[in-house]
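**Student:** What shape does this take:
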Amino acid sequence: MRSVLNTTFHSLRVRNYRLFTTGQLVKLVGVWMMFTAQDWLVLDLSGNSPAALGAVASLQFVPVLLLTLYAGKLADRFDKRRLLVAANSAFAITAITFAVLVASGHVQLWHVFLFAGLLGIANAVETPVRQSFVSELVELPLLPNALALSAATFNVARIGGPALAGVALALFDTGPVFLIATVLAIAPIFSYTRMRAAELRPAERQAKKDARIMDGLRYVGRRSDLVLPIALMFVVGMIGFNFPVTLAALAKIDFNAGPSTFGLLTTALAVGALGGALAGSARRARPGAYVVIGAALAFSVLEFVVGFAPTFVVAMLLLVPTGFFSIYLAQAANHRVQMGVDPEFRGRVMALYVLVFLGTTPIGASLAGWWGERFGVPSSISGAGVICFVASVAALVWQLRASGERLSLSLRPRPRLRLVAPPAAETEAVEVPMTKIREAA
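**Tutor:** Below is the predicted model of the structure:
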């Protein structure tokens, strides 16, 4: 047990990373409390409209679509820690202003739309800078563990935030919940300012004329090993990861759940996601393409099944493994990109990853809200699973053709799937269990 714990939490021995993780955990608990209360507030103000939820989610991520690549350019040119302090300060000031408006009782639906866009601007700058900043906190061998713990931190907050928000919404009104959440959002400002700059490992910064966005895009275009995970996450991020829209509507409209019960669906998803994040925390090497594709296939099937859940309890149980593979997929894709990129391009490449993963949310959230409004929320969830499954199969076919490998299924003496190398290769076929496709190279 001691060995497992030392492996799982090894990055926390680094002081700067420990401060980073603590600040993020406190902030994200507040952010998830705010998002949970915001979803409930939107449903109340809009008369239970899934389309209104989709519009809010879209406005939160439109700035990501517009500004993320430029933020990646800034990350490769300037001090990432100072950029993060500025972005988190802007987020905190905006969130406090919004909370005061809600607590005063004068909030209207257009206010929620406005502040969703403003908070999205701060996040559009902060997210790609923070993603690339992790590599400056720890040495490269610790990077997979640090990224996995960052994902675990996110999902611990996603468990605690909605649960606390559900209890608070049952005891108070939405105003006090927003006020509590915004106080927590200030935490990263203090954690970043307390870091020891001498212990950071900054990559060589690019001059203004050298840190061009197009150079980063050309760099990715030349790397097929980066194109596949980024392209796959483009589809899954846009279509499959719309649970902030679908779960709130599913709980209130289809299952007639109250505010304290609604948070349980998000919590169930986050419990599984936490398990997925911890499952990847012991990773030391760059994951292979088949790890990413296998996780995408599993997630797609589970999301499809969630749409057919007959009761609230069944949906909650199904969301646990769905959450596991959602974060295991996102984490494996993130590791494959981060650990395969040259340091001088990391900011721009991670900005592109964030763009396709989060920046496409306005499109996906709007589609999910529109579809749920007309054909029902369950069909919106199942349809997303079908589209993600097709994209995952396409990625598998593309990878097999690019590598020259093929899959061979044998049922005796036990079911197993073999990954067979090209005839010209000298390596033997690799046998893998039916439940897991092992890394090919």
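**Student:** The most centrally placed residue in the chain: what's it in contact with?
**Tutor:** Centroid-nearest residue in the chain: Ala330, 6.4 Å away (criterion: C-alpha atoms, centre = their mean). Listed by C-beta atoms under 8 Å, 6 or more residues apart in numbering, the contact partners of Ala330 are Ala151, Met233, Phe357. In this view, the C-beta of every residue, glycine as well, is placed from N, C-alpha and C.
**Student:** what about it, helix or strand, and which?
**Tutor:** Using DSSP states H and E, the element containing Ala330 is helix 312-338.
**Student:** how about the following helix or strand past that helix as CSV, C-alpha atoms only?
**Tutor:** Downstream of helix 312-338, the first helix or strand assigned by DSSP H and E is helix 346-354. Provided in CSV are the C-alpha atoms of helix 346-354 (Å, rounded to 0.1, in the frame of the first residue of the first chain):
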residue,chain,number,x,y,z
ARG,A,346,4.0,23.0,-26.1
GLY,A,347,1.9,26.2,-25.4
ARG,A,348,0.5,26.4,-28.9
VAL,A,349,-0.1,22.6,-29.3
MET,A,350,-1.9,22.4,-26.0
ALA,A,351,-3.9,25.5,-27.0
LEU,A,352,-5.0,23.5,-30.1
TYR,A,353,-5.9,20.5,-27.9
VAL,A,354,-7.9,22.7,-25.6
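**Student:** Which strands and helices lie in contact with helix 346-354?
**Tutor:** Under the contact criterion of 3 or more C-beta pairs under 8 Å, 6 or more residues apart in numbering; DSSP states H and E, the helices and strands touching helix 346-354 comprise helix 50-77, helix 109-137, helix 213-221, helix 224-235, helix 312-338.
**Student:** Determine which of those approaches Leu25 most closely.
**Tutor:** Nearest to Leu25, of all the helices and strands packed on helix 346-354, is helix 109-137, at 13.4 Å by C-beta to C-beta.
**Student:** Which strands or helices does the next helix or strand along the chain from that closest one pack on?
**Tutor:** Next in sequence after helix 109-137, counting helices and strands by DSSP H and E, comes helix 143-171. Contacts defined by 3+ C-beta pairs under 8 Å, 6+ apart place helix 143-171 against helix 2-8, helix 15-46, helix 109-137, helix 174-184, helix 259-279, helix 312-338.
**Student:** for the closest residue to Gly161 other than its chain neighbours, what are its contacts?
**Tutor:** Leaving aside its sequence neighbours, Gly161 sits nearest to Trp32 (C-beta to C-beta, 6 or more residues apart in numbering; 2.5 Å). Going by C-beta under 8 Å, 6+ apart, Trp32 touches Ala157, Arg158, Gly160, Gly161, Pro162, Ala165, Thr266.
**Student:** Put the buried members of those residues into a ChimeraX selection.
**Tutor:** Those of the contacts of Trp32 that count as buried under 16 or more other C-beta atoms under 10 Å are selected in ChimeraX with:
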select :157,158,160,161,162,165,266
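**Student:** which residues of the stretch 251-400 of the chain score low on pLDDT?
**Tutor:** 258-263, 281-284, 359 (pLDDT under 70).
**Student:** what comes up buried for the helix holding Ala330?
**Tutor:** 312, 315-316, 318-338.
**Student:** Equivalent analysis for stretch 84-100, please.
**Tutor:** Neighbour-count burial for stretch 84-100 [16+ other C-beta under 10 Å]: 84-88, 90-92, 94-96, 98-99.
**Student:** Please look at Ala152 and Leu274 and confirm they touch.
**Tutor:** Yes. Shown here, Ala152 and Leu274 form a contact pair, counting by C-beta atoms under 8 Å, at 5.9 Å.
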